[in-house]
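Asks: any chance you can model this:
(one chain, ligands or ions: 2)
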Amino acid sequence: MASSTPLDSSVTQGLVAERKRRGVGGSQAATEVPVLSLRRYFEGTADGKAAVARDWDEACRKVGFVTVVDHGVPRDVIDACWEETTSFFDRPLAEKAAVPTSSDYPYGYIGMGMENLQASLDETSRNPGDIKEMFNICFGTAEPDPDKPAPRWPAQSVGMRRAWQAYDAALARLSEALYAVMALALGLREDWFADKVNRHRNVIRAINYPELRTPPLPGQVRASVHTDYGSLTILRLGGRYAGGLQAMGASGEWVDVAPRGQDCFVINLGDLMARWTNDRWLSTPHRVVNPPQALAATARRQSIAYFCNVNMDARVECIPTCEGGRAKYAPIAAGEWLMRKHAQTVAGQLCYAVEEGGGEGGGADAPCGEAARGVAEDDAGCSVSLCPESPQRPLRDGV
Ligand SMILES: O=C(O)CCC(=O)C(=O)O
Ligand SMILES: [Fe+2]
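Replies: Ligands and ions are numbered 1, 2, ... in the order given. Okay, here's the model as predicted:
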């Protein structure tokens, strides 16, 4: 089903025009996200691998999204991570927010309304923040990576650590297979990406989209329109209402990305892969719209995004097989691009403090140490205080 809403139609039209200007391809009407089985890749024959690579190439040229089945990630690993994540989000706000995102730790907890993904496309965006809360972690690799901060966990999270670590290991293996598929699809040696990801900064981002008990603010959605920043994103979707994810087609039409069956991952490419491939492959704009009004009060949604990020110092420049006569983008260091985009989406949002029950104790320190104002209560009786500079409103009263 394709749809568009008037509220963000100017953003959509801007994206369509900008992509036309850059000569970005894609289907005129991307009606469906293709389904791709990785079985033949894992079987290991040259023919099977080449067939998977061809299908991958076609999906990435036309849509930028692909649903992957036969992915090799054990079901119990996925389920354990999923359940630990739901339990985490059910905990009191003060516990969740005890590990906040900050300028020196770009992972951790990001609360309701604290991120506006649309600002990653347009820094001047003053949209209300997205209606979701998140917890992010980056495990890194066994290779030395001195600038990488160690993972920070909330208190009493032994089960969560174990489950998330297992998920990270399994998804990192899947990402290695996908980098090999991508290399073959681009006519490169199968291990072409290996030395660009041996110190990868893959991130698990768990997202809770709570039930909507009161109407959202005008223009406020679960996740505003954006493109992902890195190389690829491996998404697991679910909850009582798993719908809402939409991808933008070449003419600005919005297409529902519906997960097929239970055991699949929805995968989309990010900006660095579009730059690397000189826009042969699409970093497709997408968003998560709100559930229909009639379902909103029970429509809790959860997703776990696994963002595959290459080495921070990897130089991303047009892959020779993609040049086609002219490289469109200047080379860029992957880390620089990723951190710039992340900072835009939480600009002015990092200065929040949390106090349990409105009183003392148990709360996280305000990362910026500045006086805060604008307090709202969450379900667990916690209060969230926003920095005076914050351009966006606290949303605890909006959900
Ligand atoms: O939750 C989803 O389905 C998508 C989230 C997303 O696009 C993102 O966090 O980049
Ligand atoms: Fe995304």
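
Asks: which of the three states applies to the residue of the stretch 201-350 of the chain found nearest ligand 1?
Replies: Nearest residue of the stretch 201-350 of the chain to ligand 1, counting by C-beta to the nearest ligand atom: Ser303, 3.3 Å away. C-beta: built from backbone N, CA, C; applies to glycine. For Ser303, the assignment made with DSSP: H, G, I helix; E, B strand; the rest coil gives strand.

Asks: centre of the chain to stretch 58-67, how far?
Replies: 17 Å (C-alpha atoms, centre = their mean, to the nearest Å).

Asks: buried ones in it?
Replies: 59-67 (16 or more other C-beta atoms under 10 Å).

Asks: cool, stretch 298-314 as well?
Replies: 299-312, 314.

Asks: and for stretch 218-229?
Replies: With the criterion 16+ other C-beta under 10 Å, stretch 218-229 contains buried residues 219-229.

Asks: do stretch 184-196 as well
Replies: The neighbour-count check on stretch 184-196 (16+ other C-beta under 10 Å) flags 184-186, 188, 192-193, 196 as buried.

Asks: how far out from the middle of the chain is that stretch?
Replies: On C-alpha atoms, centre = their mean, the centre of stretch 184-196 falls 24 Å from the chain's centre.

Asks: then stretch 37-44?
Replies: On C-alpha atoms, centre = their mean, the centre of stretch 37-44 falls 26 Å from that of its chain.

Asks: related to what we said a few turns ago, reformat the buried residues of stretch 184-196 as a markdown table; add pLDDT.
Replies: Below are these laid out as a markdown table (pLDDT from 0 to 100):
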| residue | pLDDT |
| --- | --- |
| Leu184 | 98 |
| Ala185 | 98 |
| Leu186 | 98 |
| Leu188 | 98 |
| Trp192 | 98 |
| Phe193 | 98 |
| Lys196 | 97 |
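
Asks: just the closest of these to Asn116, please.
Replies: Lys196 (30.1 Å; C-beta to C-beta).

Asks: surely the closest one touches Met312?
Replies: No: using C-beta atoms under 8 Å, Lys196 is not in contact with Met312; the gap is 10.7 Å.

Asks: for beta bridges, what are the partners of the closest residue in space to His286 that isn't next to it in sequence?
Replies: Of all residues not flanking His286 in the chain, Ala247 sits nearest, at 4.8 Å (C-beta to C-beta, 6 or more residues apart in numbering). Beta bridges link Ala247 to Val255, His286, judged by DSSP bridges.

Asks: and Val52, how far is that from ligand 1?
Replies: 24 Å (C-beta to the nearest ligand atom, to the nearest Å).

Asks: can I take it that that residue is in a helix?
Replies: Yes: using three-state DSSP, the assignment for Val52 is a helix.

Asks: quick one: it and Leu38 touch, right?
Replies: Yes: assessed by C-beta under 8 Å, Val52 is found in contact with Leu38 at 6.3 Å.

Asks: now for the two: what residues contact both?
Replies: Val181 (C-beta atoms under 8 Å, 6 or more residues apart in numbering).

Asks: hang on, isn't Phe202 packed against Phe307?
Replies: Quick fix: residue 202 reads Asn, not Phe. Yes: the criterion here is C-beta under 8 Å, and Asn202 meets it with Phe307 at 6.5 Å.

Asks: what sits in contact with each of the two?
Replies: With C-beta under 8 Å, 6+ apart, Asn202 and Phe307 have no common neighbours.
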